[in-house]
Each structure stands twice: as C-alpha cells, then as structure tokens.
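**Q** sequence below, structure please.
(one chain, ligands or ions: 1)
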Amino acid sequence: MMQNTNATSSTVKKKAAITDQQVLIAGGGHVGLSFALLLAHHGIKSTLLEKNSYPTISPQDDRTRSHYLDSRNTALSRRTVQIYQEIGLWDELQSHACRIDAVQISEQGSFGRAQLNKADEQVESFGQVMENAWLGRKLLLAAQQESLISIIDNANVIAVEQQPDGVTLSFSYYGEEEHEQQLQASLLVACDGRDSTVRQLLDIGTTTYDYQQTAIVGVVETDKPHDHVAIERFSPAGPLAVLPLTDPEGDGNEEYQQGYRRSVVWVCPKGEETRYLEDDAHFLATLQGAFGDRAGTFVNAGRRGGYPLTRVLADKQVAGRCVIMGNAAHTLHPVAGQGFNLCMRDAQVLAKMLSAQVLRGEDIGSPALLTRYEKFRQTDQKRVIRFCDAVVHGFTHPNPAIKLARNMALVAFDKLPNIKPLVANYAMGLKS
Ligand SMILES: Cc1cc2nc3c(=O)[nH]c(=O)nc-3n(C[C@H](O)[C@H](O)[C@H](O)COP(=O)(O)OP(=O)(O)OC[C@H]3O[C@@H](n4cnc5c(N)ncnc54)[C@H](O)[C@@H]3O)c2cc1C
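**A** Here you go, the predicted model:
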C-alpha cells in the first residue's frame, strides 16, 4: 500500500486505528527498508511509515538512479553482503556494487603503511561499495514488491502510546486535507534516524559528542584505474577514504568494474567545508596533496555533500514494546565505514529472534524478548563504537610521540602474522 498525497489544507481529520499488522516500522531509510525486508523473509508482516515522499520507481527502468535519500556511497561489509544474500536481494544489488580486493592504510608525511590483500586473507573480497542512490532504489523497489510490507510515505510519526498488549502510533499525512491516523501493533521498531522522533516521544535520552568535523562526500575520477583498492589515509586535517566504485552504467560486467571512479569521504574541521564543497579545483588540489600519486591524478570532481559529524548514542534501545534501531540507536563517525553495517547486524539478529518467537506462538512484542535482544547486541555495538573513536582520535592526535607510536603500530600491523586476519574479520563484520 502506498499513500502519496499532497498538502492543500490544514484541516486535521482523525481516522480510526488499523490493527492488521504485526510490526510497525517508523522511518524508511536504508535500515527501515532492510529491516522490513528481513521480517518479510521470515514471513512477518510489517507496516513502514516514512516522513518523506518516495519517488515512483518502475522495475523495468534499471538505469535511473534515485537520489531520494542522499548522494553518499556505502562500504558494505562481507557480513552485510551475506545478509542480503540470505534474503535473496544480493543478485539485485550486485550489479551496482564494486568489490574491495585490497585495503591500504597510511598517514600523510609518515613512514607507517599497511596493506590487507584478499588473497592473503583467503577471502573473495573485503566488502563492496555501493552508491546510496542505487542501494535506496533497490531496497525501496524490493519492499514495494513484497506483499508482507505495507508502505505509507508522507507519514510523519507524531505520537506513541503503549498498552500492556500493544503499541499505538499516531501519524499525520497530507492529502487534500491533513489527516491524522493511528495504527496499532504488537511491536514498534524506530528507524527514524539520528534525531529520532520516536526516541524523543519515548523520553529516551542520548549521549552525544560533536566531533567538530564535517565529512565531505562525493565521487571523483582518477587517471589511474582503482583496481578495487580501498585507500584509508590520515592527514593532519582529518581522515580520508577513497573507495572503488562501479561506472555509471555498471551492469556487473567485469569491464565496468575496472573503472576509474572512486568514492571520496574527506573529513575536515567544522567551518572549513564551504570551499571544499564549492570549489572543484581547491578540492582536487587538496586531495592530491594529501594522497600524493598513490591513487593517480585526481582529474574530475563530481557533486559533493557535507555532513556534520556527531556521535549520538541512545541511552537505551528498548522501552516496553518499542525498539530503537539504526542511526536512531547509534550514529557513528563514518571513518571506518561501520555505521550501516552495525545496523544491519542489529536488524538481522532482531528479525531472527522475532521469527523464533512467532514460531513458538509467543508475543512478538514481548518486552522480555526485546530486553534480551538489547543485551545480546551490546558487545558488538560497544566494540564498534570504541573502534571508530580510537581511529578518529588516535590518528588525528598531533603529539609527535603519539604519531611515532601509531606509525610503528601500522608497521607492526603490516608485518606481524595473526593480527591482520583478526582485524580483517572485524572490519568485514564477520566477528562480533
Ligand atoms: C559521510 C558518511 C558516510 C558513511 N559511510 C558509511 C559506510 O561506508 N558504511 C557504513 O556501514 N556506514 C556508513 N555511514 C553510516 C550510514 O550512513 C548510516 O548508518 C545509515 O544511513 C543509517 O540509516 P538509518 O536508516 O538508520 O537512518 P536515516 O538514513 O537517517 O533514515 C531515517 C529515515 O527516517 C525518516 N524519518 C525521520 N523522522 C521521521 C518521522 N517522524 N516519521 C516518519 N519517518 C521519519 C527519515 O525521513 C529517513 O528516511 C556513513 C555515514 C556518513 C555520515
């Protein structure tokens, strides 16, 4: 079900509650859509509410990317790829994803350098990089075609009320008149992003930390093919990641995979972003300065977006029959490309626990079950949060002694046996 309507009047009409779904999902970004698809894979019916209007997507038109979400690119870990494989979606996603065969880590102006190669670690790849425009389009299309998922867009969640045996969610949506409607279900999962309305409605606090940094994200071209190498570089201004991308017309053909397009995530101090965003020549020259020639010459800068970086951690992720998930639960620094991958592991675990609960014939929104989920996910979440912060703070500290120590650590990491497979497994999301 898709309700697409436009606002023409401010009259509010209230409608009676609908009670035919098991799970309500607030927020239809990548996490909300993926979670709905995971539930459907286990035969669980859900209704997903999204504040924004989704574009109309035709399954036949496979060439038009949708920019309804954002212009970023996401490094999908091997575990995330496995999750999409398990639910039968990977074949659809794969043609727009570019494999990572090697990862290089280095610091500008320092001797330390490390490289992970897929052959040494005996893996097919370290992960895949996909443009969010494609990922969002494919997830939305799959959800629209799934009969167990009902989608209501233009729907702004405004209230949540919990009863002993269910949860009632109120939302407003716009038609010829503004409507307010209620839905009831056994469970509500909030995937409504960093500034989550549901989290606030449930009175769940957050612990936040402003990194005083902005991530500049975009696509560049180099005169040297990327050869499926991801480069993580630390500069005095901040960390920088350059990842391989498929060509715009990529169709899974190996010829396209050997392209020259790369995704850039450049982190700069807050306040310095305007020139990087507006001035192509300045952006390219700065990249070149930070990189030297290891990626070749940067020759073309595409559209870029700026994202202020704040870590936001929900004080708790379960309240009664409600679960907080995705960025609403933990918004992380993007330096290590872990945020979405962590969300996908949360989503997979919760979907499996809910499925087992349904098979036992028990209450899908049981607060005791949800509390078990929250506890179970703590170890992985804490490890990833610590890892991201250690990378951000460890690599930007200007103290010469710390700089020497981290360079020696990089050399040791590159030379010592046993460490690389361990780190590679964590980065690929295969160990949690
Ligand atoms: C620069 C950058 C690069 C990144 N790169 C990577 C990477 O390479 N790998 C990785 O794993 N992660 C990466 N991440 C992290 C990743 O982008 C996030 O973890 C992910 O986008 C979280 O998705 P989400 O669906 O939880 O939140 P969002 O994308 O914020 O979606 C929330 C949705 O909820 C909707 N909504 C909000 N309020 C309401 C309401 N009241 N009612 C209804 N709907 C509502 C919004 O409209 C939106 O569609 C990166 C992040 C940044 C900033």
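
**Q** now do the contacts for the most centrally placed residue in the chain.
**A** The chain has Phe340 as the residue nearest its centroid, 2.8 Å off, counting by Cα atoms, centre = their mean. For Phe340, the contact set (Cβ atoms under 8 Å, 6 or more residues apart in numbering) comprises 30-31, 74, 76, 80. Placement of C-beta: from N, CA and C, glycine included.

**Q** nearest to Ser196 among these?
**A** Nearest to Ser196 among the contacts of Phe340: Val31, at 11.4 Å, using Cβ to Cβ.

**Q** what's the closest non-adjacent residue to the closest one?
**A** Counting by Cβ to Cβ, 6 or more residues apart in numbering, the nearest residue to Val31 once its immediate chain neighbours are dropped is Gly326, at 3.3 Å.

**Q** quick check: the residue nearest to the centre of the chain vs Met325, distance?
**A** 12 Å (Cβ to Cβ, to the nearest Å).

**Q** overlap in contacts, the two.
**A** Common neighbours of Phe340 and Met325, using Cβ under 8 Å, 6+ apart, are Val31.

**Q** what about the closest residue to the ligand within the stretch 251-400 of the chain, neighbour count?
**A** Of all residues in the stretch 251-400 of the chain, Gly326 sits closest to the ligand, with a separation of 2.4 Å (Cβ to the nearest ligand atom). As a burial measure, Gly326 scores 28 neighbours (other Cβ atoms under 10 Å).

**Q** shouldn't it be in contact with Cys343?
**A** Yes: counting by Cβ atoms under 8 Å, Cys343 is a contact partner of Gly326 at 4.7 Å.

**Q** got any residues that touch both of these two?
**A** By Cβ under 8 Å, 6+ apart, Gly326 and Cys343 have these common neighbours: 30-31.

**Q** who in the stretch 51-200 of the chain is up against the ligand?
**A** With the criterion set to Cβ under 6 Å from any ligand atom, the stretch 51-200 of the chain comes near the ligand through 51-52, 72, 74-75, 155-157, 191-194, 197.

**Q** which ones among those are found in strands?
**A** Those of these mapping onto strands are 74-75, 155-157, per DSSP state E.

**Q** now do the same contact list for Pro244.
**A** Counted by Cβ under 8 Å, 6+ apart, Pro244 has contacts 98-100, 129, 226-230, 259, 261-263.

**Q** which among those residues count as buried?
**A** Among the contacts of Pro244, those classed as buried by 16 or more other Cβ atoms under 10 Å are 98-100, 129, 226, 228-230, 259, 261-263.

**Q** from those residues, which has minimum pLDDT?
**A** Ranked by pLDDT, these bottom out at Gly259, which has 84.
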